[in-house]
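[1] This is the structure alone, sequence omitted:
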């Protein structure tokens, strides 16, 4: 396009305001709800600069970026305010616009005030694609923006200039990973390693990651397993004048790093693979390996049912011998293939497959597992991928475990509960707590106190079936996520076992006397009751009617009520959250 014509087209677009705004949802992957919307500008239909890339290239060429951005921002704010949308508005802005045109911020604030919005409704996205000329001034400006309430995001991390340096200096609220690293990340170990390192940095710097460009279920599953909770992309919702986000297929909704660990089906690791038939010649199989250098093994199928596996090294050994090719190239594959491959149904959990492999000393020799669905071939799983997943899961569990009991801590408890709520699986939440633990700890010392805490953890696990989840909130507080048909019976079993065993942690004199005695700093004699256990129960009938975010509050409330009843009546006690209690104390 001729430069003058391009300039005229740009001037027309700016002067006549020939633009409109699309909004693309940014989605919380844990709760399947938008946390905000990114404003994306388009030229009006039929305009020469309708495409945003052409529009901004022209504005950059003719030094009109500030004017174009100011126009785009005004339209975005007005469009966002006119919709019944929740969350924050994400606005793209060039670093140079912020640095050299101080009036830009006044303009943004003015537009926000006009539609009754505040800076807290806006996140400014600073792209890493553009260099920053005066870093010190820019960092000072960003800090001022954060102080008045604007959120800050680094956009396109990994795409351009000094993203990591900028990140460490401005401490953003969000980091948006460039779509290059998201595209087919489930098939690329290098991208997975990069994103994992970003996740660890974000945890240290206390900022949220947004994965851009999610277009496939496989990408979303992998990202969620890495601990990324916010995403954006066509899979979740396309840019549109009237934005709508999509709830992906339910198979992608099991996201917890704990629940999706070894409880996940092995088919999650399954990859499609080139296959061959039993009557194909070894010469043809050699050509297949030659055309696919990455192949180490090829499944051998008969009518979509697996018969065995042909390994590259087997073929090379046969052909390497004297006259090996001449003697063997016409032989059928079924004569050489391994006839006892590991074949597992895709619905088996990773934990079950792991036990299967470790229980048989020969399984370590297998590089691949054949995965089936209803008996039919579904794909291959590399043994190293399975081992990597198991190791990652063990590391995650250890990382988020309580160091005293090694039970899952708050992060894993929250994720397990969120997963069950998303999957609409009924459960009761049991909150167990010791009464009079502080005087016990003061009287007998912290070592004996730790012994009691560990014993409580073991007791809860012993009396909980495999489908239940036991977690350690901290101190003397424990959570049991019960999927039993009768959680009341479970409470009775726990309290009975507690009553039979707690005497072992007290001196016989204290136990038979029925209380602990000590003196305060003034020499006054004090008496404290012996340890007792209370359990507050939030039943599923209440959980399903309430906002999930109020669940911890409900659990604490029913635990307090159980403690009051135990104090009143003495001994151990369990109590279910009642409707009256829920409405009087939580609303």
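    Structure received. Remember, it's a predicted structure, so these values are computed and weren't measured experimentally.
[2] Just give me the neighbour total for residue 544.
    12 (other Cβ atoms under 10 Å). C-betas here are computed from N, CA, C, even on glycine.
[3] so who does it touch?
    Contact partners of residue 544, counting by Cβ atoms under 8 Å, 6 or more residues apart in numbering, are residue 426.
[4] Now do the phi/psi pair for it.
    phi -70, psi -20 (degrees, to the nearest 10).
[5] so what's it scoring on pLDDT?
    If you check residue 544, the pLDDT there is 80.
[6] what do you get for residue 566?
    With respect to pLDDT, residue 566 has a value of 74.
[7] cool, and residue 130?
    Taking residue 130 on its own, its pLDDT is 64.
[8] Mind telling me what element residue 203 is part of?
    Element membership for residue 203 (DSSP states H and E) is helix 189-205.
[9] contacting residues around the following helix or strand past that helix?
    Later in the chain than helix 189-205, the nearest helix or strand by DSSP H and E is strand 208-211. Identification of contacts with strand 208-211 by Cβ under 8 Å, 6+ apart yields 26, 153, 173-177, 182, 195, 198-199, 202, 219, 223, 228-233.
[10] Averaged pLDDT, whichever helix or strand comes after strand 208-211. What do you get?
    Following strand 208-211 in sequence order, the next helix or strand is helix 217-225 (DSSP H and E). Per-residue pLDDT over helix 217-225 has a mean of 85.
[11] now helix 217-225 against helix 189-205, angle please.
    30 degrees (axes from the mean of the first three to the mean of the last three Cα atoms, to 10 degrees).
[12] Show me which parts of helix 217-225 are buried, residue by residue.
    Applying a neighbour-count criterion of 16 or more other Cβ atoms under 10 Å, the buried positions in helix 217-225 are 218, 219, 220, 221, 222, 223, 224, 225.
[13] want to throw the residues you listed into JSON lines with distance to residue 334?
    Output for the buried residues of helix 217-225, formatted as JSON lines (distance: Cβ to Cβ, whole Å):
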{"residue": "218", "distance to residue 334": "33"}
{"residue": "219", "distance to residue 334": "38"}
{"residue": "220", "distance to residue 334": "40"}
{"residue": "221", "distance to residue 334": "36"}
{"residue": "222", "distance to residue 334": "36"}
{"residue": "223", "distance to residue 334": "41"}
{"residue": "224", "distance to residue 334": "41"}
{"residue": "225", "distance to residue 334": "38"}
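[14] Residue 427: which of those residues is nearest?
    Closest to residue 427 out of those is residue 224 (20.7 Å), distances taken as Cβ to Cβ.
[15] The closest one contacts residue 29, correct?
    Yes: the pair residue 224 / residue 29 is scored as a contact, 5.5 Å apart, by Cβ atoms under 8 Å.
[16] isn't residue 350 right up against residue 390?
    Yes: taking Cβ under 8 Å as the definition, residue 350 is a contact partner of residue 390 at 6.7 Å.
[17] Mind checking which of these two has more residues around it?
    Neighbours were counted for residue 350 and for residue 390 using other Cβ under 10 Å; residue 350 has more, 21 against 18.
[18] Could you measure from the more buried one over to residue 171?
    Relative to residue 171, residue 350 is positioned 37 Å away (Cβ to Cβ, to the nearest Å).
[19] Residue 438 now?
    38 Å.
[20] just residue 25 next, same as before
    From residue 25 to residue 171 the distance is 26 Å (Cβ to Cβ).
[21] Those two: which is more packed in?
    Taking other Cβ under 10 Å, residue 25 and residue 171 do not tie; residue 25 has more neighbours (24 against 14).
[22] The more buried one contacts residue 237, correct?
    Yes: at 4.0 Å, residue 25 counts as touching residue 237 under the criterion of Cβ under 8 Å.
[23] can you give me the strands for the stretch 301-450 of the chain?
    Along the stretch 301-450 of the chain, counting by DSSP state E, counting those that start in this stretch, strands occupy 305-311, 343-345, 368-373, 376-382, 428-435.
[24] Mean neighbour count, those: which tops it?
    strand 428-435 (a mean of 25; mean count of other Cβ atoms under 10 Å).
[25] quick one: contacts of that strand?
    417, 440, 452, 456, 460, 476-482, 484, 487, 490-491, 494, 529, 531-540, 543, 551, 554-556, 558-559, 562-563, 566-567.
[26] Then stretch 497-516?
    So stretch 497-516 is contacted by 439-440, 443-444, 448, 451-452, 455-456, 459, 462-463, 517, 527-531, 533, 572 (Cβ under 8 Å, 6+ apart).
[27] picking that back up, include distance to residue 58 and mean pLDDT when you put the strands of the stretch 301-450 of the chain into JSON lines, please.
    Shown next, in JSON lines, are the strands of the stretch 301-450 of the chain (distance: least, Cβ to Cβ, whole Å; pLDDT from 0 to 100):
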{"stretch": "strand 305-311", "distance to residue 58": "57", "mean pLDDT": "90"}
{"stretch": "strand 343-345", "distance to residue 58": "57", "mean pLDDT": "87"}
{"stretch": "strand 368-373", "distance to residue 58": "52", "mean pLDDT": "87"}
{"stretch": "strand 376-382", "distance to residue 58": "48", "mean pLDDT": "87"}
{"stretch": "strand 428-435", "distance to residue 58": "58", "mean pLDDT": "92"}
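[28] Any chance of TSV for the ones you listed, columns distance to residue 95?
    TSV is the format used below for these (distance: least, Cβ to Cβ, whole Å):
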stretch	distance to residue 95
strand 305-311	54
strand 343-345	53
strand 368-373	49
strand 376-382	43
strand 428-435	47
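[29] Out of those, which is closest to residue 113?
    Nearest of those to residue 113, taken as Cβ to Cβ: strand 428-435 at 43.9 Å.
[30] Tell me which strands the closest one pairs with, and in which orientation.
    Paired strands of strand 428-435, with direction, are strand 477-482 (antiparallel), strand 532-538 (antiparallel) (DSSP bridges).
[31] most tightly surrounded among the ones you listed?
    Stretch with highest mean neighbour count among those: strand 532-538 (a mean of 25; mean count of other Cβ under 10 Å).
[32] Give me the below-cutoff pLDDT ranges for the chain.
    1, 31, 84-85, 101-103, 128-131, 158-164, 245-263, 358-366, 547-549, 578-587 (pLDDT under 70).
[33] Residue ranges of each domain in it, please.
    3-244, 267-389, 401-586 (automatic domain parsing).
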